[in-house]
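# I'll drop the sequence and a predicted model, then ask my questions.
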Amino acid sequence: MKVLKLLDWPSKRYYGETHPLHRWRRSLLDQELKVEIYTHHMQPGLRDSDYLMIHSRYFENGWQNLARRNTENEIELISYLELMKKHCGRLIWFDAADSSGCADLALLPFVDVLLKKQLLKDMDQYTDIHPEASLRVWLDAEIGNTRHSFVRCSKHQLHKLKLGWNIGFNDYRYFGYKLSRLSNYLNYRWYPPRYTDIGSARPYDLTFRGTLHQDLKSAKHISYQRNYLIALFDQLKLNIARGKNVSKNRYWRELRSSKLSVSPFGWGEICYRDFETFISGALLVKPDMDHLKTFPDIYRAQETYIPVSWDMMNLEDTIDMLVTNYKELNAVARQGQEYYKMAVGDSGAFIHQLKAALQD
């Protein structure tokens, strides 16, 4: 029996990225892997394990926050990693950042594995072959902006960079705020996700809740796609659920009543909205995802979602075409929902992915 100890992100330890480790703890035991969860880096029990996995956002108030990252907290973090490396078989850093870029590659010499939720297919972009690339490959690199660039790794360290799992495995079941702490303990057989049939009444042509964000440095900055979409609404002669954020209950109700759901990139490519769309039975429209690999990989162009260009210039025509031909094209929404439901319920595939990531 191997032991995997996890230093989790305390504020999001319910229903977040580590949820599948709770959900399938018994299945993992059956596969000779015992999982223990910790929420403080000085707990004595963290030591002496076969595998120690550290959720990067545990350090959200220090080195992991790019706005606060400095030499002092980097030295503190590296010293901690060096200490813990002496007390475990393999040390794994789980980079929970949203994008396929990586601001944590400086830690590669101090860990055995650096897991990411999504990776670029062109792995050379993580090395010094591409010194000017941005953290977000769909944006132009900003010269001199260290927060949106990243330190490259050498070729001989690249093998440590491995694919973990994405937020598709989060818990998207509906909980009231006080009940959210039940997420990791409430069996899916007793309280399953509520999927909405694609053929249900969908009076909205499109839903997107959000407001314009002011990016100061660049016309095509992080909020470019989002802002482009919102600005397009006034030109579309469609019934759109739009505007400021609403209650969780109303958000789900609108999404379940919509034909289309557009999910632009933000801080990263993969968004909660993607999976909420599959659950709600809407047709996902999203910037092209062909540049990355992820798990579960539910992004199949023209099969599970409809891609648009990163600059969004074909978005208006795509939306018009989809609304006009919705009855013929809603099969894509059906395939997306079915594939997502199958993928996130497959404990065997998750355990196989996890074990592959932990190995040398």
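Now that the structure is in, tell me what you want to look at.
# Can you report how many residues lie near residue 306?
21 (other CB atoms under 10 Å). Yep, even glycine has a C-beta here, placed from its N, CA and C like the rest.
# ok, what's across the strand from it?
For residue 306, the beta-bridge partners under DSSP bridges are residue 285.
# Do I have it right that it meets residue 318?
Yes. Between residue 306 and residue 318 there is a contact under CB atoms under 8 Å: 6.4 Å.
# joint contacts of those two?
residue 285 (CB atoms under 8 Å, 6 or more residues apart in numbering).
# Tell me how far residue 81 lies from residue 103.
Separation of residue 81 from residue 103 (CB to CB, to the nearest Å): 16 Å.
# The two: which has the busier surroundings?
When residue 81 and residue 103 are compared for neighbours, residue 103 comes out ahead with 21 against 17, by other CB under 10 Å.
# from memory that one sits against residue 97, does it?
Yes. Between residue 103 and residue 97 there is a contact under CB under 8 Å: 6.5 Å.
# contacting residues for residue 297?
Taking CB under 8 Å, 6+ apart, we find residue 297 in contact with residue 343.
# where's residue 6, which helix or strand?
strand 2-7 (DSSP states H and E).
# And that strand, what does it pack against?
Where contact means 3 or more CB pairs under 8 Å, 6 or more residues apart in numbering; DSSP states H and E, strand 2-7 is packed against strand 33-38, strand 49-55.
# Describe which strands that strand pairs with in its sheet and in which direction.
Sheet pairing for strand 2-7, using DSSP bridges, gives strand 33-38 (parallel), strand 49-55 (parallel).
# residues of the first one that come out buried?
Residues of strand 33-38 classed as buried: 33, 35, 38 (neighbour count, 16 or more other CB atoms under 10 Å).
# what does that strand contact?
Taking CB under 8 Å, 6+ apart as the rule, strand 33-38 contacts 1-8, 13, 18, 21-22, 25, 28, 45-46, 49, 351, 354-355.
# so where do the helices sit in the stretch 101-250 of the chain?
For the stretch 101-250 of the chain, helices defined by DSSP state H, counting those that start in this stretch occupy the ranges 224-232, 248-256.
# The strand holding residue 6: what's the following helix or strand?
helix 19-23.
# how about the very next helix or strand once past that following helix: buried residues?
Remark: after helix 19-23, the chain's next helix or strand is helix 25-30, criterion DSSP H and E. Within helix 25-30, the residues that qualify as buried are 25, 28, counting by 16+ other CB under 10 Å.
# How far off centre is helix 25-30?
Offset of helix 25-30 from its chain centre (CA atoms, centre = their mean, to the nearest Å): 24 Å.
# likewise stretch 84-100?
On CA atoms, centre = their mean, the centre of stretch 84-100 falls 17 Å from that of its chain.
# now the end-to-end length of it.
27 Å (CA to CA, to the nearest Å).
# Which parts of this structure belong to which domain?
Following automatic domain parsing, one finds the domains of the chain at 2-168, 195-344.
# Make CSV out of the ones you listed and add mean pLDDT and distance to residue 360.
Compiled in CSV, the domains of the chain are given as follows (pLDDT from 0 to 100; distance: least, CB to CB, whole Å):
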stretch, mean pLDDT, distance to residue 360
domain 2-168, 90, 7
domain 195-344, 94, 19
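# Next, the buried residues of stretch 232-242.
Buried, per 16+ other CB under 10 Å, within stretch 232-242: 232, 236, 239-242.
# Sorry, slip of the keys, the one I care about is stretch 315-328.
Those would be 315, 318-319, 322-323, for stretch 315-328 by 16+ other CB under 10 Å.
# Next, the buried residues of stretch 89-104.
90-104.
# Report how many residues lie close to the nearest residue to residue 192 once chain neighbours are set aside.
Once flanking residues are discounted, residue 192 sits nearest to residue 173: 7.4 Å by CB to CB, 6 or more residues apart in numbering. The tally of other residues near residue 173 (other CB under 10 Å) stands at 17.
# now residue 314
12.
# what's the span of stretch 276-293, first residue to last?
Per CA to CA, stretch 276-293 runs 20 Å from first to last residue.
# Over to stretch 45-59?
End-to-end distance (CA to CA), stretch 45-59: 19 Å.
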